[in-house]
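K.L.:
Requesting a structural model of the entry that follows:
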Amino acid sequence: MSRRTIVLLLVVLLVVGSLVAGFWLTRNAASREGIVNLFEIFPAQDRLVLKPAAFQDLPGWRDDAVEQALPAFLRSCQRIEALPDGAPVSDKGSEIAAGRAEDWRPLCAEAAGIPAGDREGVRRFFETRFQPWSARNNRNPLGLFTGYYEPLLHGSRRRHGRYTVPLYGRPPELVMVDLGRFRDDLKGKRIAGKVEEGSLVPFADRRAIDQGALAGRKLEIVWVDDPVSAFFLQVQGSGRVELEEGGEMRVGYAAQNGHPYTSIGKALIQSHALNPETVSLQTIRAWLEAHPDRIDEVLEKDASYVFFREVKGEGPMGAEGVPLTPGRSMAVDLNYLPLGVPLWLSAGVPDPEAAKPDRKLHRLLVAQDTGGAIRGPVRGDLFWGFGPEAEALAGRMKHRGKLWVLLPKGVRPG
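P.N.:
Take a look at the predicted model:
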């Protein structure tokens with residue numbers, strides 16, 4: 001048998017196998033949507049596609065405690081209400097147009113009048129004033145959903161004893177550039193660096209900073225006792241530090257050094273140190289604690305570095321500039337989705353007890369944050385709050401799911 005004949009037979013078998021698998025899996029609509037990309041031989045570039053839907057299409061819509069999302073929505077309304085009427089709600093370069101301030105102002109006023117805890121009133125408000133849109137990446141409705149939380153660290157305002165790991169404030173020479181302000185085709189793109197001889201050059205990466213690039217400049221806002229906890233704090237973006245002197249300091253994101261985020265979990269999988277099926281914040285931390293001599297080597301695979309500021313009062317603060325609501329605030333990719341819009345998520349979620357099976361999550365959320373690892377049209381990071389249960393959920397959440405965007409009736413996404 002000739003090589004050409006063998007190749008043709010393999011192609012025929014591949015096509016027939018795909019069609020059989022498709023027939024078997026497409027006996028229901030959900031499975032049919034999930035495998036549609038099997039037939040896209042050349043994957044398309046990420047692109048957000050929104051299709052109109054109805055509230056009865058949202059899995060679990062009648063079962064969620066939707067009134068718990070109302071405070072988060074009203075916090076976003078505070079930002080929207082401060083905008084002039086003609087200002088777009090979406091000003092961060094997202095792919096969709098979410099309307100202008102005057103489209104949202106009456107809805108915010110109506111929401112503010114709903115009594116606290118009125119579940120049916122909140123559900124009726126969204127059903128009568130909003131239109132759900134199914135979010136897809138090209139034709140694929142499935143995306144990845146993870147979680148984050150507010151960690152607790154232990155530290156001191158001065159370096160001594162075991163408190164040797166600095167959390168730095170933003171260096172004054174760091175320049176963060178929103179490229180969308182210069183060219184429309186660069187909306188959503190950002191870089192950071194410092195100016196040298198009239199040119200913007202890259203800022204120090206994690207390795208250089210860990211080796212003392214910023215030392216001796218009094219940029220440290222607090223010293224903590226664990227480099228691994230400090231690293232995970234940078235991944236989460238905000239947290240609390242229990243101070244040796246007494247009391248607690250809340251820290252929040254101030255800036256980032258401009259280098260792209262790299263997942264150390266993925267790096268550990270590629271080196272066969274961890275199994276992709278079981279990788280989580282908890283297993284990464286356990287591996288690092290078991291290999292203290294390799295901590296610096298692994299952490300420095302992520303050149304990205306986050307700088308912090310001390311946060312007074314309520315927090316943590318999201319990218320929208322409002323406090324996050326545990327279990328109801330979502331971080332999204334601002335290249336595709338705008339801040340402040342309500343979202344409906346249908347995905348899997350781990351049980352707080354690792355030994356128990358995963359659960360289904362159907363929940364009304366609000367887009368109020370972003371993050372370096374959140375990339376893609378159907379991608380989200382759910383904020384779980386503070387404490388051991390929040391850490392257990394956030395650290396192990398890595399599930400596929402679907403997303404719907406809720407826009408005011410009459411507003412059509414661009």
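K.L.:
Averaged over its residues, which helix or strand of this structure has the lowest pLDDT?
P.N.:
Lowest on mean pLDDT, DSSP states H and E among the helices and strands of the chain sits helix 29-34, with a mean of 36.
K.L.:
and the next element down the chain from that one?
P.N.:
strand 48-52 (DSSP states H and E).
K.L.:
Give me the secondary structure label for Ala135.
P.N.:
strand (DSSP: H, G, I helix; E, B strand; the rest coil).
K.L.:
Tell me the bridge partners for it.
P.N.:
Leu50 (DSSP bridges).
K.L.:
For it, list the residues it contacts.
P.N.:
48-50, 141, 143, 337, 377-378, 402-405 (CB atoms under 8 Å, 6 or more residues apart in numbering). Where C-beta positions appear, they are placed from N, C-alpha and C, glycine not excepted.
K.L.:
Any regions of this protein where pLDDT drops low?
P.N.:
1-44, 91-95 (pLDDT under 70).
K.L.:
Now do the helices in it.
P.N.:
3-25, 29-34, 70-81, 101-112, 119-129, 206-210, 227-236, 264-270, 281-290, 295-299, 388-396 (DSSP state H).
K.L.:
possible to save the contacts of Ala135 as CSV with neighbour count?
P.N.:
Output for those, formatted as CSV (neighbours: other CB atoms under 10 Å):
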residue, neighbour count
Leu48, 21
Val49, 17
Leu50, 21
Pro141, 21
Gly143, 20
Leu337, 29
Pro377, 24
Val378, 26
Lys402, 23
Leu403, 26
Trp404, 24
Val405, 25
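K.L.:
possible to save the residues you listed as a markdown table with distance to Gly155?
P.N.:
What follows is those, written out as a markdown table (distance: CB to CB, whole Å):
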| residue | distance to Gly155 |
| --- | --- |
| Leu48 | 41 |
| Val49 | 46 |
| Leu50 | 44 |
| Pro141 | 44 |
| Gly143 | 36 |
| Leu337 | 35 |
| Pro377 | 38 |
| Val378 | 38 |
| Lys402 | 40 |
| Leu403 | 37 |
| Trp404 | 41 |
| Val405 | 40 |
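K.L.:
Chain neighbours aside, what residue packs nearest to Asp351?
P.N.:
Arg359 (5.8 Å; CB to CB, 6 or more residues apart in numbering).
K.L.:
meant to ask about Cys77
P.N.:
Sequence neighbours aside, Cys108 is the residue nearest to Cys77 in space, at 3.6 Å (criterion: CB to CB, 6+ apart).
K.L.:
for Lys194, same thing?
P.N.:
Closest residue in space to Lys194, ignoring its immediate chain neighbours: Glu173 at 4.6 Å, by CB to CB, 6+ apart.
K.L.:
How much space separates that neighbour from Gly193?
P.N.:
As judged by CB to CB, to the nearest Å, Glu173 and Gly193 stand 9 Å apart.
K.L.:
the more surrounded of those two?
P.N.:
Neighbours were counted for Glu173 and for Gly193 using other CB atoms under 10 Å; Gly193 has more, 19 against 10.
K.L.:
Specify the beta-bridge partners of that one.
P.N.:
With DSSP bridges as the rule, Gly193 is bridged to Val175.
K.L.:
Ok, Pro166 next?
P.N.:
Under the criterion used (DSSP bridges), Pro166 bridges to Trp223.
K.L.:
Roughly how far does it sit from Asp351?
P.N.:
Pro166 sits 37 Å away from Asp351, going by CB to CB.
K.L.:
out of those two, which sits in the busier spot?
P.N.:
Set Pro166 next to Asp351 and count neighbours by other CB under 10 Å: Pro166 wins out with 19 against 13.
K.L.:
ok, now which ones touch the more buried one?
P.N.:
Pro166 touches 159, 215, 219-220, 222-224, counting by CB under 8 Å, 6+ apart.
K.L.:
and the residues you listed as CSV, adding distance to His291?
P.N.:
Below are these laid out as CSV (distance: CB to CB, whole Å):
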residue, distance to His291
Arg159, 26
Ala215, 26
Leu219, 30
Glu220, 27
Val222, 27
Trp223, 24
Val224, 20
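K.L.:
Only the buried members of these: can you turn that into a PyMOL selection?
P.N.:
To isolate the buried ones among those in PyMOL, judged by 16 or more other CB atoms under 10 Å, type:
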select buried, resi 220+222+223+224
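K.L.:
Between the contacts of Pro166, which sits nearest Pro151?
P.N.:
Val224 (10.5 Å; CB to CB).
K.L.:
contacting residues around the closest one?
P.N.:
153-155, 163, 165-167, 230, 241.
K.L.:
Then Tyr305?
P.N.:
So Tyr305 contacts 204-206, 209, 234, 256-257, 259 (CB under 8 Å, 6+ apart).
K.L.:
Counting neighbours, which of those residues comes out on top?
P.N.:
Asn257 (24 neighbours).
K.L.:
That residue touches Ala208, doesn't it?
P.N.:
No - shown here, Asn257 and Ala208 do not form a contact pair, counting by CB atoms under 8 Å, at 9.4 Å.
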